[in-house]
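> would you be able to build a 3D model of this:
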Amino acid sequence: MALPRGPRLRTGAALLLGLAGCAPGLPGPGGGAPAASSAPHVPWTPPAPTAAPPAPPPAAGQVPPELAQRLKQLTAADVVDLALRNNPTTLEAWANARAAAAAYGASRSAYFPEVDASASVTRVKTAATAGRVAVTQTNYGPSATLTWLLLDFGGRGGAIEAARQALISADWTHNAAINDVVLQSQVAFYNYVATGALVAAQRVSLEDARANLDAAEARRQVGTATIADVLQARTALSQAQLSLETTEGTRQTARGALALALGVPANLPYDVDSVTAPVPVGALGDSVDALIARAVRDRPDLAAARATAAAAAARIRQLRGARLPSITATGDGGFTYIVNKSGGGSNYTIGLGLAIPLFNGFGREYSQKQAEFLADAAQAQQRSLEQQVTYQVFSSYYALQTATRSVQTANDLLASATQSDEVALARYKAGVGTVLDLLSAQSALASARAQVIQSRLNWQTSLAQLAHDAGALDAKGRADIRLAPDTLNENPPR
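Next up, the predicted model:
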């Protein structure tokens, strides 16, 4: 039996109140974890971890077959090749460039008509009124709709040009990412090679310290030296051993940094060919003005900034066109069938519309002003980057000149320290020199060896930095900078 209207309303209200009182709590992320912590000072408990699939082998697939065969003797070119293949920076920039290309393609669709198709089924039942009988009818059929922007005043073209310039900016940004990765991998490579050379030099210093200790003990046996000489020589030997162990640890850290630049695991069993690492040191043959002009012309990040400014200017055209009239053609057509009746009927509509923007609360005007201010900001960012590029090239240019002179000075220092050590050792063995003179000469020689290695590292990294800043560093790691013939003393550290 149906309830009266009043009791039904009260019953429905009570039911709704009951459902509201049974409303569930906040949903959790799953796995039995709460939605949030129980109190502000209580940390949230994450869901129980699910079984993760086993990790793939660390190095499989990350090293191409042609490089896997010489994984223990990677050259500088191999290092750059691996870094460009594996470093996620280049992958991210490449994906952004492809996304920008897709966005540009999507913007060009504004030149074409938009056509949509649909199909429908309609069931209609009329009421029996005024002597009319009730009618039940089922209609169905396909239809198509066309919309085509025929003419506007720059809005469509501005949007497409903005997307095109955004694509150009993304492509230049990808090139800049490649140059950054090349520089990063080269600096890591040179640093790893330099620490290896420093380890070799300190091993020679360690052997010299052992020879000094043997000489001190020999002199003590014949009574021409005291126990103090032996203890001092032994202390120097321990210090040389400690320095070697510290540098070996630093070399492993440099190896991990190089693996990071390569985009491979740090425990990958690789090594580099340090024999091919040295580059002939020579003075610069290009002027700083020529390199600055080249950087302003060729730097990919500066080209990306110019394209970004152009995209901002095109955005103004787009929004200005949105304030002007546009002409649009529309049309739709279809065919309708009626169930239980033969045949059917077609229908269509064709229209030509003129849209005149009149007023929307000044929203379009403010949007155009915003675009104009953003274009001014993009121009300012471009000019700021141009100034930074000029400063970077200027700074790198003179840093390389300083590094070049330092290589010559360090080589001269090594030659003098080597002769001084040989004389001090001969004098000590002959009994006319003191152990302090010998240890001082040996310390100066070890320092000179380290300075030769450091000066060459500074020169190689300074050359790579200048090539990067001047836009003269290609994807193979080659620096397109003119250098004078090598006239420096290239004697390797002993």
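
> can you pull out the helices in the stretch 151-300 of the chain?
For the stretch 151-300 of the chain, the helices defined by DSSP state H, counting those that start in this stretch cover 155-221, 227-262, 288-298, 300-321.

> now those as TSV including mean neighbour count?
Yep, even glycine has a C-beta here, placed from its N, CA and C like the rest. Compiled in TSV, those are given as follows (neighbours: other Cβ atoms under 10 Å):
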stretch	mean neighbour count
helix 155-221	21
helix 227-262	17
helix 288-298	16
helix 300-321	21
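
> TSV for those helices, including distance to L413 and mean pLDDT?
Below are those laid out as TSV (distance: least, Cβ to Cβ, whole Å; pLDDT from 0 to 100):
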stretch	distance to L413	mean pLDDT
helix 155-221	14	92
helix 227-262	19	91
helix 288-298	28	93
helix 300-321	39	94
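
> redo these as CSV? Include distance to G431.
Formatted as CSV, the helices of the stretch 151-300 of the chain follow (distance: least, Cβ to Cβ, whole Å):
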stretch, distance to G431
helix 155-221, 7
helix 227-262, 11
helix 288-298, 57
helix 300-321, 66
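
> quick one, which of those is nearest to R427?
Closest approach to R427 among those is made by helix 155-221 (10.9 Å; Cβ to Cβ).

> now that closest one: how far from the chain's centre is it?
The chain centre lies 17 Å from the centre of helix 155-221; the measure is Cα atoms, centre = their mean, to the nearest Å.

> repeat for stretch 269-287
That offset, for stretch 269-287, works out to 25 Å (Cα atoms, centre = their mean).

> what does stretch 370-377 give?
Distance, stretch centre to chain centre, for stretch 370-377: 27 Å (Cα atoms, centre = their mean).

> give me the element G334 is part of.
Using DSSP states H and E, G334 sits within strand 326-338.

> go through stretch 405-414 and flag the buried ones.
Residues of stretch 405-414 classed as buried: S406, V407, A410, N411, L413, L414 (neighbour count, 16 or more other Cβ atoms under 10 Å).

> hmm, back to that, tell me which of the helices of the stretch 151-300 of the chain approaches L473 most closely.
Closest approach to L473 among the helices of the stretch 151-300 of the chain is made by helix 155-221 (5.5 Å; Cβ to Cβ).

> any idea of the angle the closest one forms with helix 288-298?
Orientation of helix 155-221 against helix 288-298 (axes from the mean of the first three to the mean of the last three Cα atoms, to 10 degrees) gives an angle of 130 degrees.

> and helix 155-221, what does it pack against?
Counting contacts by 3 or more Cβ pairs under 8 Å, 6 or more residues apart in numbering; DSSP states H and E, helix 155-221 packs against helix 76-86, helix 88-107, helix 227-262, helix 300-321, helix 363-430, helix 435-469.

> the fourth one vs helix 288-298, what angle?
Going back to what we said before, that points to helix 300-321. 40 degrees.

> what about K72, distance to G157?
Distance, K72 to G157, using Cβ to Cβ, to the nearest Å: 58 Å.

> hang on, L284 packs against A472?
No - contact criterion Cβ atoms under 8 Å: L284 and A472 do not qualify, at 11.8 Å.

> in terms of neighbours, single out the busier of these two.
Ranked by neighbour count (other Cβ atoms under 10 Å), L284 and A472 place A472 first, with 21 against 18.

> for the chain, which element, helix or strand, carries the lowest mean pLDDT?
Ranking every helix and strand in the chain by mean pLDDT, DSSP states H and E puts helix 5-21 at the bottom, with a mean of 58.

> quick one: distance of the helix or strand following it to the chain centre.
Moving toward the C-terminus from helix 5-21, the next helix or strand (DSSP H and E) is helix 65-68. Put simply, helix 65-68 sits 25 Å off its chain's centre (Cα atoms, centre = their mean).

> mind checking the pLDDT average for helix 65-68?
Mean per-residue pLDDT for helix 65-68: 75.

> just give the nearest non-adjacent residue to S416, would you?
A448 (7.7 Å; Cβ to Cβ, 6 or more residues apart in numbering).

> same thing with Q184?
A261 (4.9 Å).

> residue contacts, the one you found?
Neighbouring residues of A261 by Cβ atoms under 8 Å, 6 or more residues apart in numbering: V79, A83, N87, V181, Q184, S185, V187, A188, F189.

> and those as TSV, adding distance to V272?
Shown next, in TSV, are these (distance: Cβ to Cβ, whole Å):
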residue	distance to V272
V79	7
A83	13
N87	17
V181	17
Q184	15
S185	11
V187	14
A188	10
F189	7
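
> which single one of those is nearest to N267?
Closest to N267, out of all of these and judged by Cβ to Cβ, is A188, at 16.3 Å.

> look up how far P29 lies from A35.
A35 sits at a distance of 8 Å from P29 (criterion: Cβ to Cβ).

> meant to ask about T147
According to Cβ to Cβ, T147 and P29 sit 43 Å apart.

> same drill for these two, tell me which one is more crowded.
Comparing T147 with P29 by other Cβ under 10 Å, the one with more neighbours is T147, at 15 against 11.

> who are the packing partners of the host helix or strand of the more buried one?
Under the criterion of DSSP H and E, T147 resides in strand 136-151. For strand 136-151, the packing partners by 3+ Cβ pairs under 8 Å, 6+ apart come out as strand 114-125, strand 326-338.
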